[in-house]
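S.K.: Here is the input, now give the coordinates:
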Amino acid sequence: MAQAICPQGVRIRMLDNARPLQEVPSRDAALTPEDVAEATWQALHDDRFLVLPHPEVADYYAHRAVDTHRWLTGMNKLQRRLEDQGALR
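M.R.: Residues are numbered from 1 along each chain as shown. From the prediction side, this is the model:
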């Protein structure tokens, strides 16, 4: 069996050291690794493929399916902003 684990953000050293990413609004909502592990364990128990430790990520998936062009435009805008800040170098 396989799962797709899709947290919005996880509080790990890599996130702490990514200074430009501190501007990303979702950074404050980052979960602990233990929270993600618990959500993953629960998904395994419930035999779910898609593991969404942040409930709002389900809404992102729904919006992406309904209006893919708008979702891609938003993701491209975020990527350009992060590149301008030097976060993706």
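
S.K.: The longest helix anywhere in the chain - contacts with which helices or strands?
M.R.: Looking across the chain with DSSP state H, the single longest helix is helix 68-84. In terms of contacts (3 or more C-beta pairs under 8 Å, 6 or more residues apart in numbering; DSSP states H and E), helix 68-84 is packed against helix 56-66. Heads up, the C-betas are built off the backbone N, CA and C, glycines and all.

S.K.: quick one: the helix it packs on to helix 68-84, angle?
M.R.: 120 degrees (axes from the mean of the first three to the mean of the last three C-alpha atoms, to 10 degrees).

S.K.: Could you check the longest helix of the chain and say which residues are buried?
M.R.: Buried positions in helix 68-84, judged by neighbour count with 16 or more other C-beta atoms under 10 Å: L82.

S.K.: which stretches of this structure have low pLDDT?
M.R.: Applying pLDDT under 70 to the chain flags the ranges 1, 18-28, 87-89.
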